[in-house]
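>>> Okay, structure incoming, though there's no sequence with it:
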Ligand code: SF4
Ligand code: SF4
């Protein structure tokens, strides 16, 4: 299994330290075209976006997202809704309406960070890919020169990667469940509620548990991950 932050074909592998050119600004004729792609969001994306919008996870998910289940792994996923014109619900004439809180996937492009399970080593393997051949994207191969690190820094990706690297253990562990459990609708619904609608999940959990969820989003993702991994392991024992 592998997990990546961009659901499109993610291009060619790029070595750490290699450089690439890319620019993106409203003056390009393609501005906003990329916002017609499918944008997968992570729990940390939701944490940032729901605060930005002043709503809870339930309101965010029902207004701005569509959920689906991966037909292979059975793991629930969430993507941003599209408007009738087929473009992202947050795209306005001036550009992205939630730019400061845009999701990991949008920040990463044209890079994709792919995490593999590393086989017998038990270590997670991280590989970066660079998108080079999106025909409509005029920013590829031009503009400033970047490395992976300078691009991540410029796009505020470090806190997103830190949180997503914690969360990633959930889909990896979920995939170790037997097929019949992974594809059980009740199990999928339980995982969806816990992983994505976490404000409500914590509300229910806090009624039984000793404390409220941490205010810091990274701490919250870490606590949530521990709880969900426990849930998965308990489910596996049924
Ligand atoms: S340059 Fe590429 S990423 Fe930027 S708006 Fe155009 S299509 Fe989107
Ligand atoms: S969140 Fe913003 S940048 Fe990302 S697809 Fe939507 S409008 Fe485009």
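Now that the structure is in, tell me what you want to look at. Quick caveat, the model's predicted, so the values are computed rather than measured. Numbers count the residues shown, from 1 in each chain. Ligands and ions are numbered 1, 2, ... in the order given.
>>> contacts, neighbours, all on C-alpha from now
Will do.
>>> counting contacts, what elements does the lengthiest helix in the chain pack onto?
The residue-count maximum for a helix in the chain (DSSP state H) belongs to helix 217-236. Judged by 3 or more CA pairs under 8 Å, 6 or more residues apart in numbering; DSSP states H and E, helix 217-236 is in contact with helix 43-53, helix 158-167, helix 169-174, helix 185-195.
>>> Would you convert those helices into CSV that also reports mean pLDDT and mean neighbour count?
Shown next, in CSV, are the helices and strands packed on helix 217-236 (pLDDT from 0 to 100; neighbours: other CA atoms under 10 Å):
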stretch, mean pLDDT, mean neighbour count
helix 43-53, 97, 19
helix 158-167, 96, 18
helix 169-174, 94, 18
helix 185-195, 95, 18
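>>> Show me where the chain has its strands.
Remark: strands assigned in the chain by DSSP state E are 2-4, 12-14, 20-22, 65-69, 76-80, 91-92, 95-96, 111-116, 125-130, 140-146.
>>> So what are the sheet partners of the fourth one and their directions?
Partners of strand 65-69 in the sheet, by DSSP bridges, are strand 76-80 (antiparallel).
>>> List the buried residues in stretch 70-79.
For stretch 70-79, the neighbour count (16 or more other CA atoms under 10 Å) marks 73-79 as buried.
>>> May I see those arranged in JSON lines, with pLDDT as well?
Listed next are the buried residues of stretch 70-79 as JSON lines, based on pLDDT from 0 to 100:
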{"residue": "73", "pLDDT": "94"}
{"residue": "74", "pLDDT": "96"}
{"residue": "75", "pLDDT": "97"}
{"residue": "76", "pLDDT": "97"}
{"residue": "77", "pLDDT": "96"}
{"residue": "78", "pLDDT": "97"}
{"residue": "79", "pLDDT": "97"}
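>>> Save the strands of the chain as TSV, and put in distance to residue 197 too.
Shown next, in TSV, are the strands of the chain (distance: least, CA to CA, whole Å):
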stretch	distance to residue 197
strand 2-4	20
strand 12-14	34
strand 20-22	35
strand 65-69	11
strand 76-80	11
strand 91-92	23
strand 95-96	24
strand 111-116	24
strand 125-130	28
strand 140-146	36
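>>> Is it correct that residue 187 is in contact with residue 181?
Yes: using CA atoms under 8 Å, residue 187 is in contact with residue 181, at 6.9 Å.
>>> quick one: contacts for residue 45?
By CA atoms under 8 Å, 6 or more residues apart in numbering, the contact list for residue 45 reads 101-104, 160.
>>> Over to residue 173?
By CA under 8 Å, 6+ apart, the neighbours of residue 173 are 229, 232.
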